[in-house]
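Colleague: need a structure here:
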Amino acid sequence: MYIESVPNRQSPPAVLLRESRREGGKIKKRTVANLSDWPTDLVEGLRTLLKGGVAVERAEQALTIARSLPHGHVAAVLGTAERLRLPKLLLGRRSRPADARSRDLVLAMIAQRIIQPGSKLATVRALNAETAASSLNGRLGLGEVREHEIYAALDWLVARQPHIETALANRHLSEGTLMLYDVSSSYLEGRCCELARHGYSRDHRGDRPQIVYGLLCDPEGVPIAVEVFEGDTADPTTLTSQIDKLKKRFGLARVVLVGDRGMITSKRIREELAPAGLDWITALRAPAIRQLVDAGPLQLSLFDDRDLAEIAAPEQFPGERLVVCRNPDLADERARKREALLAATERALEKVRKAVQRQRAPLRGEAEIGQAVGAVIDRHKMAKHVEITITEDSFSYRRKTDSIAAEARLDGIYVVRTNVPAETLSA
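Modeller: A predicted model of the protein is given here:
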């Protein structure tokens, strides 16, 4: 017995309860009942029964949703981690049964950091059953998670770091590969971090101690190794440990280290990279570019019809290749920013000038006027482009047009500096 819908021209289809049987080699149908007037859910319930299913009450009466935990983002993050072989990478080859619990807690912290960043205590609350924010705990089978376990798992991870980084290096690096390296910093609260120091703050929070960290990546930007330094560590001095890491721990005989002009300096090249046998790619600072222009090797007319040229300057940079690039969009942006900073500086200086010239309680004294002017100049870093004249009872200023024009000539120009031969890497 079954239910069949029969088309009925312009009218709604007829819903019939039928049975079929075989007579003389032919299949014959018999209509048992016409169900066309029945409600749709009633018809579907009967259809389920006829197929051997079990009919239940209406869903809103039979089911009560006590709780619903979001799952899609958890599945996406953990699925990606599986494709990256992250669980295997964390655990390593030689592991104990207890390590699996630490590995799962670390995976949970990584996933939670991506799904909803927060403190470690917030992570514990998001994982435990009573306060769970997602299906992450159930997906990893963690059960009850306590605060001390989270911190113990972090200690476990730190001990595993050299093995994890070596495994990543074996997976992603090869002889002669490019290595991208840069550093950054993060300020922090509290007084218990043994690495926290006051230093150059990229967060513009000089009032807070900070840590400095350096990241090594492969040519595709895949992170290979990270190291944390004291907060007052200068960027170039972090290179020493990276060289040791590349040569000794990763066992790479030939590496091309890529870093910015503040990282790979002439001193570091001479004292560390060259003795270690490492190739490098970096860039020149603005004063060095200006010297190339003044000395003649770099002719700005090169960029009349091209935006990249390779030049040689054997006297200043023997045995090195210099690749000069010009970005017209960056040139326009630097010109716009310089003009905006000059205009802002002049507006602030004009206020000082008016304070000196006012009739009532004028600003007097070279020291007092100089202090007010210094605060303005320091704010926008335009002292090199503004000429200041201060006396006991007067103050004037004007733009240094020659200085501005000299800087504008180099807008948008980079000089990439390397010892890598042309047959290895083209310009």
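Colleague: Now do the same contact list for Met179.
Modeller: 173, 216-218, 224, 246, 255-258 (CB atoms under 8 Å, 6 or more residues apart in numbering). All C-beta spots, glycine's among them, are computed from the backbone N, C-alpha and C.
Colleague: And these, which two are furthest apart?
Modeller: Spatial extent of the contacts of Met179 (CB to CB) is set by the pair Ile224 and Val256 at 14.2 Å.
Colleague: all helices of the stretch 51-200 of the chain, in order?
Modeller: Along the stretch 51-200 of the chain, counting by DSSP state H, counting those that start in this stretch, helices occupy 59-62, 72-83, 86-91, 97-115, 120-127, 136-140, 147-172.
Colleague: those helices in the stretch 251-400 of the chain, which residues are they?
Modeller: In the stretch 251-400 of the chain, the helices defined using DSSP H, counting those that start in this stretch lie at 266-268, 274-276, 286-295, 328-357, 366-380.
Colleague: In CSV, list the ones you listed along with mean pLDDT and mean neighbour count.
Modeller: Output for the helices of the stretch 251-400 of the chain, formatted as CSV (pLDDT from 0 to 100; neighbours: other CB atoms under 10 Å):
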stretch, mean pLDDT, mean neighbour count
helix 266-268, 89, 14
helix 274-276, 87, 12
helix 286-295, 86, 14
helix 328-357, 92, 14
helix 366-380, 88, 15
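Colleague: Would you mind saying which of those helices lies nearest Val74?
Modeller: Closest of the helices of the stretch 251-400 of the chain to Val74 is helix 328-357, at 41.2 Å (criterion: CB to CB).
Colleague: and that closest one, what other elements does it pack with?
Modeller: With contacts taken as 3 or more CB pairs under 8 Å, 6 or more residues apart in numbering; DSSP states H and E, helix 328-357 sits against helix 366-380, strand 386-390, strand 395-399, helix 401-409.
Colleague: Strand 395-399 and the first one, what's the angle between them?
Modeller: Orientation of helix 366-380 against strand 395-399 (axes from the mean of the first three to the mean of the last three CA atoms, to 10 degrees) gives an angle of 30 degrees.
Colleague: neighbour-wise, which of Ile224 and Val256 wins?
Modeller: Taking other CB atoms under 10 Å, Ile224 and Val256 do not tie; Ile224 has more neighbours (23 against 19).
Colleague: Wait, Gly199 touches Val212, no?
Modeller: Yes - using CB atoms under 8 Å, Gly199 is in contact with Val212, at 6.8 Å.
Colleague: list residues touching both of those two?
Modeller: What both Gly199 and Val212 touch, as defined by CB under 8 Å, 6+ apart, is the set 185, 230-233.
Colleague: any chance of those in JSON lines, plus neighbour count?
Modeller: Below are the shared contacts of Gly199 and Val212 laid out as JSON lines (neighbours: other CB atoms under 10 Å):
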{"residue": "Ser185", "neighbour count": "20"}
{"residue": "Glu230", "neighbour count": "15"}
{"residue": "Gly231", "neighbour count": "22"}
{"residue": "Asp232", "neighbour count": "15"}
{"residue": "Thr233", "neighbour count": "20"}
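Colleague: Turn those into a markdown table, columns for distance to Asp294 and pLDDT.
Modeller: As requested, the shared contacts of Gly199 and Val212 are arranged in a markdown table below (distance: CB to CB, whole Å; pLDDT from 0 to 100):
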| residue | distance to Asp294 | pLDDT |
| --- | --- | --- |
| Ser185 | 35 | 95 |
| Glu230 | 39 | 96 |
| Gly231 | 38 | 94 |
| Asp232 | 35 | 94 |
| Thr233 | 34 | 93 |
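Colleague: mind listing which of these are in strands?
Modeller: Counted as lying in strands by DSSP state E, out of the shared contacts of Gly199 and Val212, are 185, 230.
Colleague: with the shared contacts of Gly199 and Val212 in mind, which one is nearest to Thr40?
Modeller: Ranked by distance to Thr40 (CB to CB), those are led by Ser185 at 64.9 Å.
Colleague: wait, doesn't the closest one sit right on Gly199?
Modeller: Yes - here Ser185 reaches Gly199: they are 6.9 Å apart, a contact under CB under 8 Å.
Colleague: what touches both of those two?
Modeller: Overlap of the contact sets of Ser185 and Gly199 (by CB under 8 Å, 6+ apart) consists of 210, 212, 231.
Colleague: For the first one, which residues are in contact?
Modeller: This means Gln210. Residues near Gln210 by CB under 8 Å, 6+ apart: 185-188, 196-199, 201, 203, 231.
Colleague: what are the phi and psi angles of it?
Modeller: The phi/psi pair for Gln210 (degrees, to the nearest 10) reads phi -150, psi 170.
Colleague: Who does it form a beta bridge with?
Modeller: Note on Gln210: beta-bridge partners by DSSP bridges are Tyr187, Arg197.
Colleague: quick one: it and Ser185, what's the gap?
Modeller: Distance of Gln210 to Ser185, computed by CB to CB, to the nearest Å: 5 Å.
Colleague: Can you flag which of the contacts of Met179 belong to strands?
Modeller: The members of these that map onto strands under DSSP E are 216-217, 224, 255-258.
Colleague: From those, which shows the smallest pLDDT?
Modeller: pLDDT across the ones in strands among the contacts of Met179 is at its lowest for Val255, which sits at 85.
Colleague: how many other residues sit next to that residue?
Modeller: Using other CB under 10 Å, Val255 has 24 neighbouring residues.
Colleague: Assign a three-state SS to Ile27, would you?
Modeller: What DSSP: H, G, I helix; E, B strand; the rest coil gives for Ile27 is strand.
Colleague: give the contact list for it.
Modeller: Ile27 touches 20-21, counting by CB under 8 Å, 6+ apart.
Colleague: and it, what are its bridge partners?
Modeller: Arg22.
Colleague: Not including adjacent chain positions, what is the nearest residue to His163?
Modeller: With sequence-adjacent residues excluded and distances taken as CB to CB, 6 or more residues apart in numbering, His163 is closest to Gly92, at 5.4 Å.
Colleague: Now do the contacts for that neighbour.
Modeller: Applying CB under 8 Å, 6+ apart to Gly92 gives the contacts 160, 163-164, 167.
Colleague: any idea how far His380 is from it?
Modeller: Shown here: Gly92 relative to His380, a distance of 53 Å by CB to CB.
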